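Q: Predicted model, plus sequence, below.
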Amino acid sequence: MALKLVFARQARRDLDGLLSYIAADDRHAAKAMQQRLDKAVRLLTEKPFMGPSASGLGREDLRRFSVPPYIVFYAATMARLEVVRVLHSSMDLDRPGLLDRRQ
């Protein structure tokens, strides 16, 4: 049974920003990236613990799943999967507050 999918406000901003950035150069590439991310997130709702733990980044409940060149950060419970951030893999992930719940 698939978990309920929820996107944090900042994850929505991340997606809007990255897709707009890609679309400014190539709309088809943006659509393809959106489809890849959608497919990955749907897979995670079915198998939420397949992504490795990212608890070393300051949140014990955090996991990560790579959709190159992006990383989907998420937290899963028995009922829902929350996408917390979608960040480019070249970002400094140790930056304070980057994966904070308050965003």
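A: Thanks, I have it.

Q: From now on I want contacts and neighbour counts done on CA atoms only, so please keep to that.
A: Will do.

Q: How about residues contacting stretch 32-39?
A: Residues external to stretch 32-39 that are found in contact with it (Cα atoms under 8 Å, 6 or more residues apart in numbering): Leu19, Val67.

Q: now what about the longest strand seen in the chain, what contacts it?
A: As assigned by DSSP state E, the longest strand anywhere in the chain is strand 80-88. Applying Cα under 8 Å, 6+ apart, the external contacts of strand 80-88 come out as 3-8, 10-12, 14-15, 44-45, 48, 69-76, 99, 101.

Q: Tell me the secondary structure of the residue nearest to the spatial centre of the chain, please.
A: Of all residues in the chain, the one closest to the mean position by Cα atoms, centre = their mean is Val72, 2.5 Å from it. Here Val72 is strand, with the state taken from DSSP: H, G, I helix; E, B strand; the rest coil.

Q: Could I get the pLDDT score of it?
A: Reported pLDDT at Val72 in the predicted model: 98.

Q: Show me the shaky parts of this structure.
A: In the predicted model, the chain carries pLDDT under 70 at residues 96, 101-103.

Q: so where's the longest helix in it?
A: Longest helix in the chain by number of residues (criterion: DSSP state H): helix 27-46.

Q: what about dumping the CA coordinates of it to CSV?
A: Output of helix 27-46 as CSV, limited to C-alpha atoms (Å, rounded to 0.1, in the frame of the first residue of the first chain):
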residue,chain,number,x,y,z
ARG,A,27,11.3,22.9,-22.0
HIS,A,28,11.5,19.3,-23.0
ALA,A,29,14.4,18.7,-20.6
ALA,A,30,12.4,20.3,-17.8
LYS,A,31,9.4,18.0,-18.6
ALA,A,32,11.7,15.0,-18.6
MET,A,33,13.2,16.0,-15.3
GLN,A,34,9.8,16.4,-13.8
GLN,A,35,8.8,13.0,-15.0
ARG,A,36,11.9,11.4,-13.5
LEU,A,37,11.3,13.1,-10.2
ASP,A,38,7.6,12.1,-10.2
LYS,A,39,8.5,8.5,-10.9
ALA,A,40,11.1,8.4,-8.1
VAL,A,41,8.7,9.9,-5.6
ARG,A,42,6.0,7.5,-6.5
LEU,A,43,8.5,4.6,-6.1
LEU,A,44,9.4,6.0,-2.6
THR,A,45,5.7,5.9,-1.6
GLU,A,46,5.7,2.2,-2.3
